[in-house]
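# Below are the sequence and a predicted model; questions follow.
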Amino acid sequence: MINNKSSPSEAIYEYDKNLHIIPGSMLNEKLNPFKLREKVQKLKQYYDFIIIDSSPNLNNEMLATMLASDELIVVTSPDYPTLSCTMHAVKIAKERKTPITGLVLNKVRGKRYELKLSDIEDATTVPILAVLDDEDAVLESLANTQPVVERHPRSGVSIGIKKLAAALVNKQYKDPRLLNNLKSLFFKDAKKQDVNLDLLREGRLY
């Protein structure tokens with residue numbers, strides 16, 4: 001689609017009536033970073049939301065994504081090498097004045113050697129919106145080529161994704177798991193990411 005070998009309508013695959021996908025990669029291709037923005041602009045009239053998945057590495061793909069996006073959500077993990085790439089991506093985005101809504105902390109194992117949420121927020125100056133655990137449900141869903149939110153809708157990862165998605169459209173998602181709801185009755189301290197989601201939903205995150 002970007003190199004004009006096909007039109008957007010020819011490149012779109014309908015996963016279901018509410019989700020259309022354009023698969024592809026711009027890695028190692030010479031392209032004009034402004035081309036993606038041009039293509040996305042033409043599609044905006046047909047969709048409520050357009051999500052662009054990109055590598056955090058500093059290359060034409062990331063630059064094109066930043067130029068085409070109204071806002072960014074940066075996915076990272078609690079280790080120094082990944083955080084270094086994340087900080088670089090955040091820096092470039094801020095230089096190009098692309099708004100960053102927040103971070104998604106992925107593949108979290110809850111180990112002592114992992115970076116703390118507060119340290120990651122301090123290093124990036126970006127709030128964490130979701131913490132997704134490193135669960136077998138994700139790998140099992142990948143092996144079956146099915147989204148984890150469909151195959152394991154009550155897993156921790158799926159609940160975290162649904163909470164984030166709801167907050168982005170100014171809605172509240174209620175955790176359907178009884179045990180977690182019981183825990184919330186006895187432990188009143190809200191998780192940092194849940195507080196950030198409430199602030200995002202209310203328009204008070206920044």
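Yep, that arrived. As the structure is a prediction and not an experimental result, all values here were calculated from the model. Numbers count the residues shown, from 1 in each chain.
# Tell me how far Arg201 lies from Val131.
Look at Arg201 and Val131: by C-beta to C-beta, to the nearest Å, they are 17 Å apart. Quick note: C-beta positions are derived from backbone N, CA and C, even for glycine.
# ugh, wrong one, Lys91
For Lys91, the distance to Val131 equals 23 Å [C-beta to C-beta].
# Looking only at neighbour counts, state which of these two leads.
Val131 (20 against 13; other C-beta atoms under 10 Å).
# Helix, strand, or coil at the more buried one?
strand (DSSP: H, G, I helix; E, B strand; the rest coil).
# Doesn't Val74 belong to a helix?
No - Val74 sits outside any helix when classified using three-state DSSP, being strand.
# Now do the longest helix anywhere in the chain against strand 72-76, angle only.
The longest helix of the chain (DSSP state H) is helix 80-95. On the basis of axes from the mean of the first three to the mean of the last three C-alpha atoms, to 10 degrees, helix 80-95 is oriented at 170 degrees to strand 72-76.
# what comes up buried for helix 80-95?
Within helix 80-95, the residues scored as buried using 16 or more other C-beta atoms under 10 Å are 82-83, 85-87, 89-90, 93.
# name the helices or strands packed onto that helix?
Helices and strands touching helix 80-95, by 3 or more C-beta pairs under 8 Å, 6 or more residues apart in numbering; DSSP states H and E, are helix 60-68, strand 72-76, strand 100-108, helix 117-124.
# Now tabulate the ones you listed in a markdown table and tack on distance to Ile50, mean neighbour count and mean pLDDT.
Output for these, formatted as a markdown table (distance: least, C-beta to C-beta, whole Å; neighbours: other C-beta atoms under 10 Å; pLDDT from 0 to 100):
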| stretch | distance to Ile50 | mean neighbour count | mean pLDDT |
| --- | --- | --- | --- |
| helix 60-68 | 9 | 20 | 85 |
| strand 72-76 | 13 | 19 | 93 |
| strand 100-108 | 15 | 21 | 95 |
| helix 117-124 | 24 | 16 | 93 |
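# So what pairs up with the residue most central in space within the chain in the strands?
By C-alpha atoms, centre = their mean, the chain has its centre lying nearest to Ile73, at 4.9 Å. Beta-bridge pairing for Ile73 (DSSP bridges): Gly102.
# Report the contact partners of it.
Taking C-beta atoms under 8 Å, 6 or more residues apart in numbering, we find Ile73 in contact with 100-104, 129.
# In those residues, find the pair that's most separated.
Maximum pairwise distance among these (C-beta to C-beta): 11.5 Å, between Ile100 and Val104.
# Can you work out which residues contact both of the two?
73-74.
# Leu105 touches Ile120, doesn't it?
Yes - counting by C-beta atoms under 8 Å, Leu105 sits close enough to Ile120 to count as a contact (6.8 Å).
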